[in-house]
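K.L.:
what's the 3D shape of this:
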Amino acid sequence: MLRQFFPVLLLLVLLALVYFGLLHRVLDRMRLTRWQALAVLGLMLVGGLLPDMVLGRGLAFNLGGALIPLGVCAYLLATADTRLEKVRGLLAAVIAAAVVWGLETVLPGQPGAGRLDVDPLYLPPLVAGLAAYLLGRSRRAAFIGGVLGILLLDFGYWVRNLATGLPAGTVVLGGGGVFGATAVAGVFAVLLAEVVGEIRERLKGGPAHA
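P.N.:
Residues are numbered from 1 along each chain as shown. Predicted coordinates for the structure are as follows:
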């Protein structure tokens, strides 16, 4: 039950925070207005409910979980203040995907199995979000790293299936839509960047990274 309820709760909390203007600083630094953010979330929600788009050879993508977040990442990359911020966001995505890939090779495939009781639904987005923030630092780079990290991870699974001939079914980029790992990773990375950024501002008495 918790596995299914957590992403829904996260979406509702996020919608409320955006609607009531409590994330205005985050949106300003990501160069998004409140209504633009609500529109993006709405499109992700609607797109996530639509059937997955099949590309062939065991690969598909979800509109709400892959295409729309990917478009937001492209926008954030295009409007980034510096080249360094763009590089940090892309590097964060690659390293986040590599970290999660490595962890998933040693963790149990089912929650409660083995010595580590970790639900595989939560591990990839949380680890990717943390890695994205630590490497990206800014809100924009953190979102880029979190979202692209999960998409790269999914794409890596598909390449592995092709290379090994594993009959593992269809790999869906952004599977689950707004309730999936891609959206959770991006949101978690940005919220982590905001919380830590606020703490750093107060401790240092100056502005943190955007």
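
K.L.:
Relative to residue 156, how far out is residue 56?
P.N.:
Look at residue 56 and residue 156: by CB to CB, to the nearest Å, they are 18 Å apart. Where you see a C-beta, it was placed from the backbone N, CA and C, and this is true even at glycine.

K.L.:
So for these two, which residue has more residues nearby?
P.N.:
Per other CB atoms under 10 Å, whichever of residue 56 and residue 156 has more neighbours is residue 156, with 15 against 7.

K.L.:
Any idea how many residues pack against residue 161?
P.N.:
The criterion is other CB under 10 Å. On that basis, residue 161 has 18 neighbouring residues.

K.L.:
so what's it scoring on pLDDT?
P.N.:
You'll see residue 161 listed with a pLDDT of 82.

K.L.:
close enough to count as contact, it and residue 154?
P.N.:
No - in this structure, residue 161 is not within contact of residue 154 by CB atoms under 8 Å, at 10.9 Å.

K.L.:
Find residues that contact each of the two.
P.N.:
Among the neighbours of residue 161, those also in contact with residue 154 (CB atoms under 8 Å, 6 or more residues apart in numbering) are residue 171.

K.L.:
The residue nearest to residue 73 when sequence neighbours are not counted: which element?
P.N.:
In this structure, residue 73 finds its nearest non-sequential neighbour in residue 144, 4.9 Å apart by CB to CB, 6 or more residues apart in numbering. In this structure, residue 144 sits in helix 139-164 according to DSSP states H and E.

K.L.:
now for that helix, which elements pack on it?
P.N.:
Packed against helix 139-164 by the contact rule (3 or more CB pairs under 8 Å, 6 or more residues apart in numbering; DSSP states H and E) you find helix 24-29, helix 68-78, helix 83-104, helix 123-136, strand 171-173, helix 181-204.

K.L.:
got the angle for the last one vs helix 139-164?
P.N.:
Read that as helix 181-204. Counting by axes from the mean of the first three to the mean of the last three CA atoms, to 10 degrees, helix 181-204 points 150 degrees away from the direction of helix 139-164.
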